[in-house]
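K.L.:
Quick one, what's the 3D model for this:
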Amino acid sequence: MLCTMEKDLDPISEESWATFEDIGIFLKPFATVTEYMSGSKYPTLAGVVPIFNRLCDHLEDSIVKYESQEHFNEV
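P.N.:
Next up is the predicted model:
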């Protein structure tokens, strides 16, 4: 059962927490865009293209940033 508390479970390391935080930072723009687009009755191309471009820029920046971080190269 997943919700049982077992004493022999390994605690989450600080490195793992740092990785989780980095993943959260990476995913934040996608959550923001999802919320914005969900609130729109009908997304138009004029609104979608700049958002798409911004997400592409975010992906490219993230690749450059995270390629240099050792713990992401292990995944």
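K.L.:
Now do residue 66 against residue 45, distance only.
P.N.:
Residue 66 is 31 Å from residue 45, where distance means Cβ to Cβ, to the nearest Å. Any C-beta I mention is one placed from the backbone N, CA and C, and that applies to glycine too.
K.L.:
Comparing the two, which shows the higher neighbour count?
P.N.:
Higher neighbour count among residue 66 and residue 45: residue 66, with 15 against 8, using other Cβ atoms under 10 Å.
K.L.:
Surely that one and residue 25 touch.
P.N.:
No. Counting by Cβ atoms under 8 Å, residue 66 stays clear of residue 25, with 10.2 Å between them.
K.L.:
residue boundaries of the strands in the chain?
P.N.:
Along the chain, no stretch is classed among the strands by DSSP state E.
K.L.:
Name all residues that make contact with residue 30.
P.N.:
residue 55 (Cβ atoms under 8 Å, 6 or more residues apart in numbering).
K.L.:
okay, it: pLDDT?
P.N.:
Looking at residue 30, its pLDDT reads 97.
K.L.:
Same question for residue 20.
P.N.:
Residue 20 carries a pLDDT value of 94.
K.L.:
cool, residue 75 as well?
P.N.:
Predicted confidence (pLDDT) at residue 75: the value is 54.
K.L.:
Much appreciated, bye for now.
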